[in-house]
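Participant: Pasting the sequence and the predicted coordinates here, then a few questions.
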Amino acid sequence: MTETLRIGRRAVRISHPDKVLFPRAKVTKLALARHFERVAPVMLPYVAGRPLALQGFPGGIDKHGYYLKAVPDYFPDWVGRATVAKQDGTVTHALANDAATLVYLAGQNVVTPHLWLSRADAPRQPDRLILASTPRRRVLRTCARRRAMPARACATLGSFTTRWLPAHAASM
C-alpha cells in the first residue's frame, strides 16, 4: 500500500504508510510524514542549507537503525544535495530545503535528520554551538548571559534539553 501526499508542487509517495515507527505512541510512518509537513514552516529556517546525517529506523525505533550520510541514487533529483570534502574524497549529503524533502525523508523511515553545525556553503566554518543539559538549566543560562547570546531550544527528550547558540555574535 502507498499513500501520496501533495506537498507544494511535489507528489511524495509514502510506502507502507501504516508501518509503526514509534510503537509506544503508535506513531506510523504516515503520521511522521504529516508531522514533518506541519512543522516545516518552523523547522526549515533552522535546517535548510545544512548537510544532514540521516538516522533511519525501518523496523521502528525499538529495532536496529542506521545512519546515512551519502545520498543514495534512488533519492529524487529535487532533494537538495551538498558535496563536501572528507578524508579520502567527497561525500554528497542531503539538504532539507523544503517541506517536500522533510516528508520524503519520513517516507524513507528517517526519524532524525542530524544537522551539521555549519552550512553547506561554508562546511569548515561552524556557526552553531550545541549544548545538551540535564534539568540544571542554569549552566546554559549562565553561558548564554556571559556570551550575551540567546539560547534557542531545539529539542527536549525526557529530562535532557538540547539547545543551540550562535557560534559568534556576528551570526545572530
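Facilitator: Structure's in. What do you need?
Participant: can you tell me which helix or strand T101 belongs to?
Facilitator: If you go by DSSP states H and E, T101 is part of helix 99-107.
Participant: now for that helix, which elements pack on it?
Facilitator: Secondary-structure packing of helix 99-107 (3 or more C-beta pairs under 8 Å, 6 or more residues apart in numbering; DSSP states H and E): strand 2-7, strand 10-15, helix 29-47, strand 89-95. In short, each C-beta sits where N, CA and C put it, glycine included.
Participant: which intervals of this structure have sub-threshold pLDDT?
Facilitator: 131-172 (pLDDT under 70).
Participant: Mind doing that once more with 80?
Facilitator: 129-172 (pLDDT under 80).
Participant: If we ignore the residues flanking it in sequence, what's nearest the residue nearest the centre of it?
Facilitator: Nearest to the geometric centre of the chain sits P113, at 2.7 Å (C-alpha atoms, centre = their mean). By the measure of C-beta to C-beta, 6 or more residues apart in numbering, the closest residue to P113 outside its immediate chain neighbours is L52, 4.7 Å from it.
Participant: what comes into contact with whichever helix or strand that neighbour is part of?
Facilitator: Taking DSSP H and E as the definition, L52 sits inside strand 51-56. Residues outside strand 51-56 that contact it (C-beta atoms under 8 Å, 6 or more residues apart in numbering): 65-69, 82, 84, 93-96, 105, 108-116, 120, 123.
Participant: Tell me which strands the helix or strand just after it pairs with, and in which orientation.
Facilitator: Proceeding N to C from strand 51-56, the next assigned helix or strand is strand 66-68, under DSSP H and E. The strands beside strand 66-68 in its sheet (DSSP bridges) come out as strand 51-56 (antiparallel).
Participant: now the strand it pairs with and strand 89-95, what's the angle there?
Facilitator: With axes from the mean of the first three to the mean of the last three C-alpha atoms, to 10 degrees as the basis, strand 51-56 and strand 89-95 are set at 70 degrees to each other.
Participant: circling back to that earlier point, does the residue nearest to the centre of the chain touch H93 like I think?
Facilitator: No. Using C-beta atoms under 8 Å as the test, P113 is too far from H93 to be in contact (10.3 Å).
Participant: returning to what we had before: which of the helices and strands packed on helix 99-107 sits closest to D127?
Facilitator: helix 29-47 (11.8 Å; C-beta to C-beta).
Participant: Noted, bye for now.
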